[in-house]
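J.: need a 3D model of the sequence below.
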Amino acid sequence: MGERDFFSHGTALILRGAPTPHDWDEAIHVSAVRPRNPARTRGIVSHRLAPREPAFGRVGGLRIEDPVRAWVQASIHVPDVELIIAADFLVARRRRLATIEQLRAEAAAMRRPGLQPLLDRVRDGSESPWETRLRLALVDGGLPEPHLAYELRGAGGRFVARLDQAYPAYRVAVEYDGRQHAEDPAQFARDADRWRGIDDLEWRLVRILNHHLSPDPAPAVELVRRALVRAGWCG
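T.: Down below sits the predicted model:
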């Protein structure tokens, strides 16, 4: 790889820490700005890009593409759902690597109008790829769109829980439970106290496990649908 080459497309997103499916890293994407030719070797997908203002960054000393531009570049080889997941990661306020407005502007500048409907579905507040998949599944299943990262408070504004996804009008909370804390007794105890606090405020907590969402999200959608209907949602 030449000294002026840089990592781009999906590879740049991986280096930024974006959640990606395993097949994203089957090839390494490297670019150079015309008239230069990027490195060409086995396992590398090379790109020659039009001249533009420098927009590179560095991670661990590596030259990488700007995350906004890399996301648009990746759209040529990444499925729609994975693009939304990556965009949710970029726009999350706790890291703020991009804004939805920046992604829209770059998609327009790179003449990718098909990305605009995907950007309509990007949200700040998703904490994991599975939370994004769950939100998309619920909306695609005909349910209302949930609030994300909703702070549940009790009497006097006392903080009770930060809910992954919530329907405040129906007092229904939805969370993806990856069981990452199942073997941590202290964390599991804190989770149990949290669940009790949610119940004390007469909220219904729907815990979605992996088998509810994958490979078919229909069971997850049905669990949430039942909770909403019991709470008075008429669909």
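J.: secondary structure element holding the nearest residue in space to Asp164 that is not next to it in sequence?
T.: Computed as C-beta to C-beta, 6 or more residues apart in numbering, the closest residue to Asp164 that is not its neighbour in sequence is Glu175, at 4.4 Å. C-beta coordinates here come from the backbone N, C-alpha and C atoms, glycine included. Assigned by DSSP states H and E, Glu175 belongs to strand 172-176.
J.: what helices and strands are in contact with that strand?
T.: helix 129-140, strand 159-167, strand 204-208, helix 218-230 (3 or more C-beta pairs under 8 Å, 6 or more residues apart in numbering; DSSP states H and E).
J.: which residues touch the last one?
T.: Right, the one you point to is helix 218-230. 134, 137-138, 141-144, 167, 170, 172, 174, 204, 206, 208, 211-213, 235 (C-beta atoms under 8 Å, 6 or more residues apart in numbering).
J.: can you do 10 Å?
T.: 133-134, 137-144, 146, 165, 167, 169-174, 176, 204-214, 233-235 (C-beta atoms under 10 Å, 6 or more residues apart in numbering).
J.: ok, the third one next?
T.: Residues outside strand 204-208 that contact it (C-beta under 10 Å, 6+ apart): 130-131, 133-134, 137-138, 161, 163-167, 170-179, 191, 194-195, 198-199, 212, 217, 219-221, 223-228, 230-231.
J.: got the buried residues for it?
T.: Under the neighbour-count criterion of 16 or more other C-beta atoms under 10 Å, strand 204-208 has Arg204, Leu205, Val206, Ile208 buried.
J.: please apply the same query to stretch 47-65.
T.: His47, Leu49, Phe56, Gly57, Arg63, Ile64, Glu65.
J.: and the residues you listed, which two are furthest apart?
T.: The two members of these with the most space between them (C-beta to C-beta) are His47 and Gly57, at 17.3 Å.
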